[in-house]
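Asker: Need coordinates for the following:
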Amino acid sequence: MIQGTMSGVGKSLIAAGLCRIFKQDGYLVAPFKSQDMAARSYLTSDGLEMSVDQAVQAQAAGVIPAAEMNPVLLKPTSDTDAQVFVNGLAYGNMSAKEYFSYKKSLVPKIQKSYQKLDAIYDILVIEGAGSPAEINLRQKDIVNMGMAEMADAPVLLVGDVDRGGVFAQLLGTLLLLEEQERARVKGLIINRFRGDKSILQPGIRVLERKSKRPVFGATPYIQIDLGEADEKNGCFRSDQVKKNQPVVTIAVIRLPRICCLADFQILEAQPLIELKYVLHADELGKPDMIILPGTKNTMADLKWLRETGLESALLKRHEDGVVIMGICGGYQMLGKSLSDPMFTEEGGRARGIGILPVETVFDNMKTRTRVHGTFAKLHGPLGAWSGMPLEGYEIHTGQTTPVPGLSWIRQDLSADNRFAELKMEHTFCQKKDGWQQDQVYGTYIHGIFDGEGIVEALICALAARRGIRMEPVSVKKRREYRETQFDRLADMLREHLDMKAVYRILERTDEIQSDRGNGT
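Answerer: Model (predicted):
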């Protein structure tokens, strides 16, 4: 089990790196976190919601993310309230006080999820949350030492030297643990070190003497690009220096409640694309394409667009013929109207931006599904996508339908203005998605750019509008790119972490290694 001296010390990435190392060494491995708090979630293939971090760790381990890997997920709705998900399904909203009283009743569900994974996998890499030294939370703990006890797991404690005071972090945490809890901590990790390690050695010697625990390693600060993890920390990489000269510019409107930034990870990785996140109208410029992304609150962010002048700027670019795409909440905004009769978001009715002939009505039903299918016959600049295969996922409230009437339909009344033909993975039902009109496109599908050949065709199409003729470009596929990042992370940990010591503290180490072998 990986625990930390505080939130944000790097537990998630270290756990992901260990998952990749164990996979490389021939073990069947999976991640586990009994409870996580995050603003957004990952949607599993069977339509359940789980922590993004455990989904990333599962991908590092080479296994399919499953809700059992994160049986309890808390999505904050305010400073004191959160929506509670149990085994991937919404249970209800609770205040912090209500949840604190309730969470012990979740122990049987947590144990059942853990035991199900334990019966399948050779090694489980468990992640804690925050710090085990939160003494006010110890009594009903289900995610740090409480979980370590349930799993009878050895613990590695991680401190963050980049924040300063790492020796006090680690020693202070150990001091505040109960004796039986302290006995579970088998080693310490100093994370995010920069500089000459020889300068750190005197401090490590004192730390080991005072803590009576070995330091398993001082792992360096490293830039790992996994998309989802960056989103959780609010990091944007639009200012990265790119080796080649960009050919096209794509602007993503940086909504206050933006979500699913991983939609744009593959665009950020392309040297031929200048991807910029726009907060103010005067930053928009004259891009080749504008994307309105997903949001946690469509109606509130639509008001923000108006207040900042970005709606007016977007409409001006629409008149100039700029390609515009709305994804999920962004698609809803592009329509004629939004209605919220059940106060799912803010209640009432709002005028949409009005450049797609659709309207959205919010309700209490939440769509959560993975999808695959093909693009419909697309008109305008993105016609090259027509008929290409796609896959992704939907996670939204609200239903979007065409506005009644025929006045907005193209002269060719037989034309189908839908964006995609889809099948939902867990039900195999078929449906049509989104809408298109002229150079404006809307869809509920996240991950739309990740399919093979999608970004190549996009770059060529946008460049052609500038009068630039291009041959199909070579684009890094997101999955391939992520695999290289996982391998980089594993290589770093192997170099700076004592993996032999890690293997020694694993329960039944000798039996496992004699059965499966290891590559350390």
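
Asker: Buried residues in stretch 200-219, which are they?
Answerer: 200, 204, 207, 211, 213, 215, 216, 217, 218, 219 (16 or more other CB atoms under 10 Å). No exception for glycine: its C-beta is placed from N, CA and C like everyone else's.

Asker: In strands, which of those residues appear?
Answerer: 215, 216, 217, 218, 219 (DSSP state E).

Asker: ok, so of these, who is nearest residue 269?
Answerer: The shortest separation between residue 269 and any of those is 24.5 Å, and it belongs to residue 219 (by CB to CB).

Asker: how close does that closest one sit to residue 204?
Answerer: Between residue 219 and residue 204 the distance is 13 Å, computed by CB to CB, to the nearest Å.

Asker: repeat for residue 340
Answerer: As judged by CB to CB, residue 340 and residue 204 stand 57 Å apart.

Asker: so what sits against both of residue 219 and residue 204?
Answerer: residue 190 (CB atoms under 8 Å, 6 or more residues apart in numbering).

Asker: Just the C-alphas of the helix or strand encompassing residue 330, formatted as PDB.
Answerer: With elements delineated by DSSP states H and E, residue 330 resides in helix 329-334, which encompasses its position. Taking C-alpha atoms only, helix 329-334 is exported to PDB below (Å, rounded to 0.1, in the frame of the first residue of the first chain):
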ATOM      1  CA  GLY A 329     -22.000  20.600 -22.500                       C
ATOM      2  CA  GLY A 330     -20.400  22.600 -25.300                       C
ATOM      3  CA  TYR A 331     -22.800  20.900 -27.700                       C
ATOM      4  CA  GLN A 332     -25.700  21.800 -25.500                       C
ATOM      5  CA  MET A 333     -24.600  25.500 -25.400                       C
ATOM      6  CA  LEU A 334     -24.500  25.700 -29.200                       C
END
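
Asker: neighbouring contacts of it?
Answerer: Counting by CB under 8 Å, 6+ apart, residues outside helix 329-334 touching it are 253, 255, 259, 291-298, 301-302, 305, 324, 326, 338, 352-356, 358, 360, 396, 398, 400, 434-435, 440, 442-444.

Asker: What's the PyMOL syntax to select whichever of those are buried?
Answerer: If you want just the buried ones from the contacts of helix 329-334 in PyMOL, going by 16+ other CB under 10 Å, the selection is:
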select buried, resi 253+255+259+291+292+293+294+295+296+297+298+301+302+305+324+326+338+352+353+355+356+358+360+396+398+400+434+435+440+442+443+444
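
Asker: From the contacts of helix 329-334, which land in strands?
Answerer: Secondary structure defined by DSSP E assigns 253, 259, 291-292, 294-295, 324, 326, 338, 358, 360, 396, 398, 400, 435, 440, 442-443 of the contacts of helix 329-334 to strands.

Asker: ok, residue 360 touching residue 337?
Answerer: Yes - with contact defined as CB atoms under 8 Å, residue 360 reaches residue 337; the gap is 7.4 Å.

Asker: Could you tell me which residues touch both of these two?
Answerer: Contact criterion CB under 8 Å, 6+ apart; residues bridging residue 360 and residue 337 by contacting each: residue 352.

Asker: chain center to whichever strand or helix holds residue 500, what's the gap?
Answerer: Using DSSP H and E, residue 500 falls within helix 499-505. Here helix 499-505 shows a centroid-to-chain-centroid distance of 30 Å under the convention CA atoms, centre = their mean, to the nearest Å.

Asker: Same question for that helix: list its buried residues.
Answerer: Those buried within helix 499-505 under the rule 16+ other CB under 10 Å are 499, 501, 502, 503.

Asker: which sections of the protein are below the confidence cut-off?
Answerer: Scanning the chain for pLDDT under 70 picks out the ranges 226-244, 405-416, 425-428, 472-478, 507-520.

Asker: Next, the contact list for residue 215, please.
Answerer: For residue 215, the contacting residues are 187, 188, 189, 190, 204, 207, 208, by CB under 8 Å, 6+ apart.

Asker: can you pull the contacts of the residue nearest to residue 419 when sequence neighbours are not counted?
Answerer: The shortest distance from residue 419 to any residue other than its chain neighbours is 2.9 Å, reached at residue 434 (CB to CB, 6 or more residues apart in numbering). By CB under 8 Å, 6+ apart, the residues touching residue 434 are 331, 418, 419, 420, 441, 442, 443, 444, 445.

Asker: need those residues in a markdown table with distance to residue 14, can you?
Answerer: Output for the contacts of residue 434, formatted as a markdown table (distance: CB to CB, whole Å):
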| residue | distance to residue 14 |
| --- | --- |
| 331 | 37 |
| 418 | 45 |
| 419 | 40 |
| 420 | 39 |
| 441 | 40 |
| 442 | 40 |
| 443 | 36 |
| 444 | 35 |
| 445 | 33 |
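
Asker: Let me know the closest of these to residue 123.
Answerer: residue 445 (34.9 Å).

Asker: what pairs with the closest residue to that closest one other than its chain neighbours across the strands?
Answerer: Beyond its immediate neighbours in the sequence, the residue positioned closest to residue 445 (CB to CB, 6+ apart) is residue 392, lying 4.2 Å away. Here residue 392 sits in beta bridges with residue 371, as judged by DSSP bridges.

Asker: Relative to residue 300, how far out is residue 392?
Answerer: 25 Å.

Asker: With neighbour numbers in mind, choose between the two.
Answerer: Per other CB atoms under 10 Å, whichever of residue 392 and residue 300 has more neighbours is residue 392, with 23 against 16.
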